[in-house]
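Colleague: Fold the following.
(2 chains)
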Amino acid sequence: MNAITSYAHIKHNTVTVNGTVVFKSASSVSIHEFLLESYKFLAMNYPKFHKMDVQCKLAIIATEFALRETALLTENDLAKIAIVFSNHASSLDTDKAYQNSISDKSNYFPSPAIFVYTLPNITIGELAIRHKITGENAFFVCEKFDPALLINYCESLYLNGIDAVIAGWVEAETNNDEAFIFLSESQRNTNKNAIFKPLNQTTLTELYNLT
Amino acid sequence: MIFASYNNIISPLGFSTEENFHAVTHSKTGVRKIIFPFATEPFCVAKIDDEKIKEHVSVIQAPESFTKLEQLSILSIQDVIRKSGLDPSGERTLLLYSTTKGNIDVLENSYPHMNPNRVYLSELGKQLQSYFKFKHTPLILSNACISGILGIIVAKRLIETKQYDNVIVCGGDILSEFTMSGFKSFNALSGDPSKPFDANRTGINLGEAVASILITNQKTYAGKYDAEVVAGASANDANHISGPSRTGEGLFQCLQQILKDNHSEIGFISAHGTATPYNDEMESIAFERSGLSEVPVNSLKGYYGHTLGAAGVLETILSLESMKHQRLIKSEGYEIKGISGHITMIDRHKEKAFNSFIKTASGFGGCNAAALFKKIN
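Modeller: Coordinates of the predicted model:
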């Protein structure tokens, strides 16, 4: 039975994990500061984090929170864990920053360090590197969070030999930054904090709207 | 069974699949040196002639209301719909659009009369949906350079899980200052026509193209190839966001996955072959590790440059044509072996009896994908 075993939702400088608020910054705090405070709260030691764009940081932090409540990484083959993300803006936040760096010819500084983040799936790549996850990848772009798409695609991955999926919505857009990451597994894991909700559209819609 | 069926390619080498196949089998390449208004030195790219586009877009209603990418996509999808007779408004039909940067030229203010919102990929989907009256909102996939082939793999899965019967996979990307300056900042561009897998390769030529293919479980739409999408897989190197794994781990994993139930002889491999030193080296290692050293390999980047989100779809279509005509396409630009993995390059156009091929791709973000296609019967 495929289940949702944990989820984390970041919105309005607040992190909710499996329905409970676990971390919060003042609403006046910028997204950059909030993400740094979350990083410190998690006591992470991952210098690469500081080079990432906001979208990658959102995904790394939200997934870190969700993973603490399951044994997903230790009880599944890393090659059989898929990462499936979605959003509306693709990588537009960073695209604009890059475009600014080339639009003024008298102040022309195209930077490979920025350009590389002008692809939405770099978010998947950073997460894969962080946890050494080598399974299936897909980044979908849709107008809004689409539970049917994510559920159906997770199911198709299970039919194709995948054992667990890290999936969700990751959007970096001024005043609209959001990450909703859910973990799905085909076998019960042994972490006592894990939730076991059915992997279906109704449940996923509920969990997303809960916070 | 899932068929790879009716299709179209719009590129510097033509506005139909037939024109494109004819061009590459006659060793024509679309790569030229062009000086762009924003640059002082020429870029070696494969650009679609603006005059040719003007000629063709006259069949579109109100062409000025569409961006360049939308115009080309409409022409490409229209050709597939016309040839197949498929009804886009059908309940069981989906448009899946694969792209890396979509309408990125909107951000460069190329269309001052249009809403800046057009830069959103979902807006590109909406334009195509309303033009063709697709019943469902198009699904957009943006997964760097594997977008095209991953689109075909995703289409197969959506059909397997009974969500649709027909998926038109359209892959498209245009040349823009955005992508050209970005790849240049990486020192990834070659000033001369690219030489995939060659000892003297110095980097990528960028290109632009739109390619569309119908993936279907309906025998009535199976078309002229009698070709099946047998298997597909993607995998991440989990190693570096802008460089491939030195051991070809992710690509190797994809190949293991698609070959595990399919031991029969493979006709050829249509590789990614961007002509960067690291990519081609990585691929050669992955192919050798997968026991594919004797299987003929080509890269089509010497004809089209790297067309980003379109590449996987475009290269799959030409490989299907290759299989239909039992002709292997020469890997343009290859002369002297320049990779350490033992692989067999296709160094001239040749006849060959075969009934299967593998298409692979790898991209930024450490992503890799591979798919296996077979002739039925």
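Colleague: okay, CA-based contacts and neighbour counts for the rest of this
Modeller: Will do.
Colleague: What parts of the stretch 51-200 of chain B come near chain A?
Modeller: With the criterion set to Cα under 8 Å from any Cα of the partner chain, the stretch 51-200 of chain B comes near chain A through B:100-101, B:107-108, B:120-122, B:139-144, B:150, B:157-158, B:160-161, B:178, B:181-183, B:185-186.
Colleague: Which parts of chain A are helices?
Modeller: A:31-41, A:54-67, A:72-75, A:92-103, A:112-115, A:122-131, A:147-159, A:201-210 (DSSP state H).
Colleague: of these, which approaches residue B:7 most closely?
Modeller: Nearest of the helices of chain A to residue B:7, taken as Cα to Cα: helix A:147-159 at 24.8 Å.
Colleague: Domain map for chain B?
Modeller: As given by automatic domain parsing, the domain ranges for chain B are B:3-221, B:228-299+B:331-375.
Colleague: Could you tell me which residues make contact with the closest residue to residue B:53 other than its chain neighbours?
Modeller: In space, and not counting its chain neighbours, residue B:53 is closest to residue B:72: 7.9 Å by Cα to Cα, 6 or more residues apart in numbering or on different chains. Taking Cα atoms under 8 Å, 6 or more residues apart in numbering or on different chains, we find residue B:72 in contact with B:10, B:53, B:57, B:210.
Colleague: any idea of the pLDDT on residue B:72?
Modeller: Confidence at residue B:72, expressed as pLDDT, is 98.
Colleague: Provide the backbone phi and psi angles at it.
Modeller: Residue B:72 has phi and psi values of phi -60, psi -40 when expressed as degrees, to the nearest 10.
Colleague: so residue B:145 touches residue B:363, yeah?
Modeller: Yes: Residue B:145 lies in contact with residue B:363 (Cα atoms under 8 Å); the separation is 4.7 Å.
Colleague: Neighbour count: the two, which is higher?
Modeller: Comparing residue B:145 with residue B:363 by other Cα atoms under 10 Å in any protein chain shown, the one with more neighbours is residue B:145, at 28 against 24.
Colleague: I'd like to know how far that one sits from residue B:319.
Modeller: Computed as Cα to Cα, to the nearest Å, the residue B:145 to residue B:319 distance reads 18 Å.
Colleague: residues in contact with the residue nearest to the spatial centre of chain B?
Modeller: The residue lying closest to the centre of chain B (Cα atoms, centre = their mean) is residue B:311, at 2.0 Å. By Cα under 8 Å, 6+ apart, the residues touching residue B:311 are B:145, B:148, B:149, B:171, B:209.
Colleague: now do residue A:188
Modeller: Residue A:188 is in contact with A:3, A:196, counting by Cα under 8 Å, 6+ apart.
Colleague: what's the answer for the one 5 residues further on, then?
Modeller: Contact partners of residue A:193, counting by Cα under 8 Å, 6+ apart, are A:69, A:70.
Colleague: swap in residue B:11?
Modeller: Residue B:11 touches B:20, B:47, B:48, B:208, B:209, B:210, B:304, counting by Cα under 8 Å, 6+ apart.
Colleague: Swap in 7 Å and give it another go.
Modeller: B:48, B:208, B:209, B:210 (Cα atoms under 7 Å, 6 or more residues apart in numbering or on different chains).
Colleague: got it, and residue B:329?
Modeller: Residue B:329 touches B:25, B:349, counting by Cα under 7 Å, 6+ apart.
Colleague: Likewise for the one 3 residues further on?
Modeller: Contact criterion Cα under 7 Å, 6+ apart gives B:300, B:302, B:303 as the residues in contact with residue B:332.
Colleague: my guess is residue A:23 meets residue A:14, correct?
Modeller: Yes: the pair residue A:23 / residue A:14 is scored as a contact, 5.9 Å apart, by Cα atoms under 7 Å.
Colleague: which of the contacts of residue B:332 lies closest to residue B:359?
Modeller: Among these, residue B:300 lies closest to residue B:359 (Cα to Cα), at 11.2 Å.
Colleague: Can you read off the pLDDT for residue B:108?
Modeller: You'll see residue B:108 listed with a pLDDT of 90.
Colleague: Near chain B, which residues of chain A are found?
Modeller: Within chain A, the residues that sit near chain B (Cα under 7 Å from any Cα of the partner chain) are A:89, A:99, A:110-112, A:115-116, A:119-122, A:124-126, A:128-129, A:132-143, A:156.
Colleague: For the residue most central in space within chain A, report the pLDDT, please.
Modeller: In chain A, the centroid-proximal residue (Cα atoms, centre = their mean) is residue A:59; its distance is 3.1 Å. At residue A:59, the model reports a pLDDT of 98.
Colleague: which residues touch residue B:121?
Modeller: Counting by Cα under 7 Å, 6+ apart, residue B:121 makes contact with A:141, B:102.
Colleague: ok, 8 Å please
Modeller: Here residue B:121 is in contact with A:88, A:89, A:90, A:141, A:142, B:102, B:103, B:140 (Cα under 8 Å, 6+ apart).
Colleague: May I see the ChimeraX selection of the buried members of the residues you listed?
Modeller: In ChimeraX, a selection of the buried entries from the contacts of residue B:121 looks like this (16 or more other Cα atoms under 10 Å in any protein chain shown):
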select /A:88,89,90,141,142 /B:102,103,140
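Colleague: Taking the contacts of residue B:121 together, which two end up most distant?
Modeller: Using Cα to Cα, those reach their maximum pairwise distance at A:142 and B:103, which is 15.2 Å.
Colleague: how much space between the residue lying farthest from the centre of chain A and residue A:100?
Modeller: The outermost residue of chain A relative to its centre, with distances by Cα atoms, centre = their mean, is residue A:106 at 37.3 Å. Counting by Cα to Cα, the gap from residue A:106 to residue A:100 is 12 Å.
Colleague: Pop out the phi and psi values for residue B:33.
Modeller: Dihedral pair for residue B:33: phi -90, psi 130, per degrees, to the nearest 10.
Colleague: Next, count neighbours for it.
Modeller: For residue B:33, the neighbour count with other Cα under 10 Å is 16.
Colleague: hey, what's it bridged with?
Modeller: Assessed by DSSP bridges, residue B:33 has beta-bridge partners residue B:44.
Colleague: shouldn't it be in contact with residue B:42?
Modeller: Yes: using Cα under 8 Å, residue B:33 is in contact with residue B:42, at 5.8 Å.
Colleague: What's the nearest residue in the stretch 251-377 of chain B when you look at chain A?
Modeller: With Cα to the nearest Cα as the measure, residue B:365 is the residue of the stretch 251-377 of chain B nearest to chain A, at 4.3 Å.
Colleague: Show me what counts as buried in stretch B:193-210.
Modeller: Using 16+ other Cα under 10 Å as the test for burial, stretch B:193-210 gives B:193-198, B:200-210.
Colleague: which residues touch residue B:347?
Modeller: Per Cα under 8 Å, 6+ apart, neighbours of residue B:347: B:330, B:331, B:332, B:334, B:335.
Colleague: same thing with residue B:63?
Modeller: Neighbour list for residue B:63: B:57, B:71 [criterion: Cα under 8 Å, 6+ apart].
Colleague: distance of it from residue A:148?
Modeller: With Cα to Cα as the criterion, residue B:63 and residue A:148 are 34 Å apart.
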